[in-house]
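**Q** the sequence and its predicted three-dimensional model are supplied below.
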Amino acid sequence: GRLNSPTLRYTHQIAAALAQAHACGVVHRDLKPANVMLVPDPTLPGGERVKVLDFGIAKVAATDDTGLTRTGAMMGTPSYMSPEQCRNAAAAGERSDVYSLGVMLYEMLAGRRPFIGESDMDVAVQHITEPPPPLLDAVPPGSVAPALATLVDRMLAKRPDQRPSMIEVAQTLDEVLDAPSTST
């Protein structure tokens, strides 16, 4: 068994679930570790299935108690938010989910998030302005396959149109999982 194969299995399951949601026109908009749950499933390798929770939270959260929609209010968790979400919650699309999953995968592989700051605002500014440290610079040499590192770096591109689609993410993870190498 490869050291990080549960990481890749779980991430692949999240990507596959979100690719299906995206195909149906549903964007999650608040993807973060707290919204992912492991449940027993003896039919799967590893015996666990990932469930993605809190779909559509942005639609619910975008109205305050008066029922009025707040425009440009910061929704989501800045640690995992895309640059476009940090600027304007309404701008979150499918590739925002890709970015959030990229932050989660980076954190699982490197043991830290790409951006850490003193405050939520500090982290949001980094998402908007700072290039993320390349994954291969943040992990021990040889511990992450180059194809996987390239995928994570692409998922964290500042511009949504430079990120892969969620289906591409799922397919690339599939290829990495199938690769006969001893590392991930």
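**A** Right, received. Where do you want to start? Given the structure is predicted, the values throughout are model-derived calculations rather than measurements.
**Q** ok, the nearest residue to residue 144 once chain neighbours are set aside - contacts?
**A** Nearest residue to residue 144, sequence neighbours excluded (Cβ to Cβ, 6 or more residues apart in numbering): residue 109, at 5.6 Å. Where you see a C-beta, it was placed from the backbone N, CA and C, and this is true even at glycine. Residues near residue 109 by Cβ atoms under 8 Å, 6 or more residues apart in numbering: 4, 7, 135, 138-139, 143-144, 148, 152, 184.
**Q** ok, the residues you listed vs residue 85, which is closest?
**A** When these are ranked by distance to residue 85 (Cβ to Cβ), residue 152 comes first, at 18.5 Å.
**Q** distance of the residue most central in space within the chain relative to residue 146?
**A** Central residue of the chain (Cα atoms, centre = their mean): residue 101, 0.7 Å from the mean position. Distance of residue 101 to residue 146, computed by Cβ to Cβ, to the nearest Å: 19 Å.
**Q** please apply the same query to residue 90.
**A** Per Cβ to Cβ, residue 90 is found 36 Å from residue 146.
**Q** which one's more surrounded, these two?
**A** Each of residue 90 and residue 146 has its neighbours counted (other Cβ atoms under 10 Å); residue 90 has more, 17 against 12.
**Q** quick one: name whatever helix or strand follows the helix or strand hosting residue 20.
**A** Applying DSSP states H and E as the criterion places residue 20 in helix 5-23. The C-terminal neighbour of helix 5-23 among helices and strands, as given by DSSP H and E, is strand 36-40.
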